[in-house]
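>>> Predicted structure and sequence below. I'll ask about it afterward.
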Amino acid sequence: MRTLRALAVRFRGILGSRRRDADFASEMESHIALHTDAGIRNGLDPAEARRQALIRLGGVEQTRQAWRERRTLPWLESLGRDATYALRALRKHRGATAMAILSIGLGIGANGTIFSMVNRFVLRPAPMGQPTTLLALHTSQAGDECCNSFPYPLYADLRDQAKSFSGVAAYHDLIPASIAGNGEPERVYGQAVTSNFFAITELPMVLGRGFIAGQENAQEVVLGARLWHRRFNADPAIAGKSITLSGHAYTVVGVVTPAFHSVDQILDAQFWVPLGTMGELTANPPDTAGRDNHWLQVVARLKTGVTRDQAAAELGLLAEQFAESYPKTDKGLRFVFEQAGALPPRDRGTFLMFLTALSIVVLLVLSIAGANVTNLLSAQAASRQRDMAVRLALGATRARLRRQMLVESLFLGLGGGLLGVVLSLWSTHALSLLHLPAPVPIDLTLRVDWRVLLYSFALSVASGVLLGLVPAWAASNPRLANALKGEDPLAGRGRRFSLRNVLVVAQVAMSVVLLSLTGLFLRSLQSATDIDVGFRTHNLLLLAVDPRIHGYSPERTVDFLTQLQQRVAGLPGVQSAVATDAPPLNGGNRSDGFAVTGNPGNKKSNDSTDLLMATPGYFETVGTPRIAGADFGAETANGPAVAVVNQAFVNSLFAGENPIGQQVTGGGVTYRIIGVAGNVKSRTLGENTRPVLYRSLKQSVGGDPSFLGYTLIVRTFGDPTAIAESVRREVHALDPAMAIYNEETMEEHVRTAFFLPRLAATLFGTFGAMGLVLAAVGLYGVMSFSVSRRVREIGIRMALGAKPGSVERLVLRQGLVLTLIAIALGWPAAWMLAKMASSFLYGIQPHDALTFSLVPPFLALVALAACYFPARRAASVEPMQALRTE
Amino acid sequence: MGDKTDVWQGTLALMVLRTLESMGPQHGYGLARRIEQTSGDLLQLNYGTLYPALLKLEQEGYIKSSWGTSENNRKAKFYDLTKAGHRQLKRAAAEWEQTTAILARFLTPAEEA
């Protein structure tokens, strides 16, 4: 305690030292005076008395030194001096410092971003009790690819018989529901869980409780924290209140921790209901009795003291028993598991490989940045040799000088780390905002948490130390005699192709490749906007409803949609309105293989045809041309099924035949083709045009309800967003509880479909810019180093009459030679790589002339700029000064 | 150093505390002289070492200091025990007595063994 107090006092002693020094000086003064007085009293003459007093004190200066060392913390003070000195040195070389920090910052930012992905998908445990004892179980059939979910009876058997677990819970991973409450109803996704789910997962609750084990049919709901905040203003008294889910009353019993979205940490669920109530929330509830109907995810908590191996052994035995008892369904059954919240086993391998590859790439980026900075620092160290030599000659220890240099590079590392953290904050934010074109809600939020911060900090310290080692060693180890004379103390070798030059050529070459690819992807993004999607994207409003989850029968659903179309079509500013199950560019909805039936001369079939529902007037509304035959409108709900197909469909099954009136069968339904329409991009922008079969909405809602609900497509005369409000009013006029979702204009919808070209352009744009900056810094560093080593040579040249301009050209020429070599190497490599990228490109040739002719001169310009500053410095060498140091 | 004994680490602090307790507030020079006198002039202090020791005691909160005037009218810095200093003196003295007692058992000729 006392030592601590003393430490604190000494720490404080570093400040305000001047006053304390003066105080001690007067104390010394008084001591000597008192001692001298005593000496005089004993009969000494004053001078002798004072001499004696000084002798007994042991020297004023020594005493003061001993006292001062006790007063403060000397090592801290000298560290502080090192820090001030380092800051001053860094400020003096502002340009180099900024470039070093920028390089390291880019490197660490890239690493931090990728690490936050690793953290998100690999390191971060699910927020569920003791994460290591919670296992996610899957079934797997011998010979099949892993993994499948559970049928209910198998889950029940496992729950009742497995002894390794203290509990086994199950959940159905996604059910849509509309949620009422204050404000407009809204569509949200949730999960249905067994009543023991919360007890077994040990999820922390923000308030309230989970479900009570055994009450499978309780009309209770647990809310996700986000939904609770957004929809209920984080009402602290929400527990016990009743809310309406898809028209059914549920009592809120608790709010779960904000960190929890789903056990798998991928899906984004916002509410949880007991499994027994799932029937009333879904139009087609799964069959709980069937042993071959796989629809449940299972998690199990290990008993204390039971190892995973023991659990695996028991599960193996159980699987054999089940296979014997139920040979029809359970033959070849195996159980597999992983820690709950870890990556699902099916995608684990690829995903880990992907992350590893990314990590290696960004570590490479950091080491390139590091090499650059080392060059910069070496250039500086060379110019500071004299400074160092003088300090050594004056008695500074080499260790002290080394520490000095290390503190400096540590500052660079930390500064870079700080910039890196800012960059990764920005990039994770940007990545989290990317809207995946997936029909189900997926939580891919990346966050910079303490692990990422720690990692970035460790990286910046490590790079600071590593960066400093070489220059620190070199700087503290000059050949004294040489250095004092101002000769190059590190010199000796005059090789033309040093490692430095090779490195910088490699960097510039790489950035030629990167920039070329960046150019290609930017051009691809530009031309993707010109792709013919097969419909007119302007003046269309999309808006989805799902009457089914509000308890509507198929007939009422069709009625509702028909009435809604009529009401909306009557609104001012609206040209027409139709309904479908999913608009084009939906990322993949329903599809089936189709075959020609009832035609002895044609037995053709195709593997996959996309199915879209349509109402009369659909093609005119979206702007897809109808080419032949009739439109929907004459069919009845229960009459023979009719279809309109697109040209790709005709080409795949009826090449050279008239398709109208022919019959095709797919997914167990036989359709009579009544018309042909133009091709559209049904799933993604980049797809090769796929066969599409449009079926009648009113004939399909009953037999094959859409999981995604139904989308109203409205063609407007003007800005579609302007009438959105009145369309919403029409929906609520028909049913005030109806939830509206996925409201967007067709242009926004199409923009989301640009996900891939946009992601590629963003990624390569970022990497390209980073590569460019690093290459420029690298070139700058090498040229600076070269100039600082050639100061004397340049001085002699100028003394002999060389003009500053010609010296400048000398340096520029050297840099340009390096750049040209790099371009000569990089350009063909980019040319070859572009071919491999061609499958990701939209509408442009991989050997796009514009890109490949613009990149080299652009890079040469950047290189010229990077060399310009060292060249200017070379040209401003004072010949007299450079030569005087001889 | 002849027959004069050096002061070894740690004991100086105890001597300072004890002297302050018996004498009341003292300045550095007075303390040094008093310690030498108490030791019967067997100890000879290097006065310079006294001041870091005083500073350490002050930092630890056992003594406090203030400027005052000496008996022969000189400005001097006076040190005085704090409450914590009194407690520390008792503790340290007890410890020291125990140590010397133990050592004495080793050093006295073995009579009863």
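It's in. Residues are numbered from 1 along each chain as shown, chains lettered A, B, ... in the order given.

>>> what's the spacing between the residue positioned nearest the centre of chain B and chain A?
With distances taken as C-alpha atoms, centre = their mean, B:M15 lies nearest the centre of chain B, 1.6 Å away. Distance, B:M15 to chain A, by C-beta to the nearest C-beta, to the nearest Å: 17 Å. Every C-beta, even on glycine, is put in place using the N, C-alpha and C of the backbone.

>>> now do B:L42
Going from B:L42 to chain A by C-beta to the nearest C-beta gives 16 Å.

>>> Give me the phi and psi angles of that residue.
Main-chain dihedrals, B:L42, degrees, to the nearest 10: phi -80, psi -30.

>>> and it, how many neighbours?
10 (other C-beta atoms under 10 Å in any protein chain shown).

>>> about what we covered before: what helix or strand is the residue nearest to the centre of chain B on?
Assigned by DSSP states H and E, B:M15 belongs to helix B:11-23.

>>> one step back: would you confirm that the residue nearest to the centre of chain B contacts B:E36?
No: judged on C-beta atoms under 8 Å, B:M15 makes no contact with B:E36 at a distance of 10.1 Å.

>>> Now the element after the helix or strand of chain A with the lowest mean pLDDT, going C-ward?
Ranked by mean pLDDT, DSSP states H and E, the weakest helix or strand in chain A is helix A:480-485, scoring a mean of 53. As assigned by DSSP H and E, the chain's next helix or strand after helix A:480-485 is helix A:499-528.

>>> Would you map the helices across chain B?
According to DSSP state H, chain B carries its helices in the segments B:11-23, B:28-38, B:47-59, B:83-107.

>>> A:Q699 and chain B, how far apart?
From A:Q699 to chain B the distance is 92 Å (C-beta to the nearest C-beta).

>>> does that residue sit in a helix, a strand or a coil?
helix (DSSP: H, G, I helix; E, B strand; the rest coil).

>>> ok, now which ones touch it?
With contact set as C-beta atoms under 8 Å, 6 or more residues apart in numbering or on different chains, A:Q699 has these partners: A:635, A:637-639, A:641-642.

>>> Which stretches in the stretch 51-200 of chain A count as strands?
A:134-141, A:165-179, A:186-193 (DSSP state E, counting those that start in this stretch).

>>> What are the contacting residues of stretch A:208-222?
By C-beta under 8 Å, 6+ apart, the list of residues contacting stretch A:208-222 reads A:190, A:193-199, A:203, A:205, A:238-239, A:243, A:245, A:248-256, A:271-277.

>>> Can you check the distance spanned by that stretch, start to finish?
Taking C-alpha to C-alpha, to the nearest Å, stretch A:208-222 runs 9 Å from one end to the other.

>>> Report the buried residues of it.
Using 16 or more other C-beta atoms under 10 Å in any protein chain shown as the test for burial, stretch A:208-222 gives A:208, A:210-211, A:218-222.

>>> Save those as a markdown table, and put in distance to A:T133 too.
Converted to a markdown table, the buried residues of stretch A:208-222 look like this (distance: C-beta to C-beta, whole Å):
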| residue | distance to A:T133 |
| --- | --- |
| A:G208 | 25 |
| A:G210 | 18 |
| A:F211 | 21 |
| A:A218 | 27 |
| A:Q219 | 32 |
| A:E220 | 26 |
| A:V221 | 27 |
| A:V222 | 22 |
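
>>> Rebuild these as JSON lines, extending it with distance to A:A323 and secondary structure.
JSON lines is the format used below for the buried residues of stretch A:208-222 (distance: C-beta to C-beta, whole Å; DSSP: H, G, I helix; E, B strand; the rest coil):
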{"residue": "A:G208", "distance to A:A323": "42", "secondary structure": "strand"}
{"residue": "A:G210", "distance to A:A323": "34", "secondary structure": "coil"}
{"residue": "A:F211", "distance to A:A323": "33", "secondary structure": "coil"}
{"residue": "A:A218", "distance to A:A323": "35", "secondary structure": "coil"}
{"residue": "A:Q219", "distance to A:A323": "38", "secondary structure": "coil"}
{"residue": "A:E220", "distance to A:A323": "37", "secondary structure": "strand"}
{"residue": "A:V221", "distance to A:A323": "38", "secondary structure": "strand"}
{"residue": "A:V222", "distance to A:A323": "36", "secondary structure": "strand"}
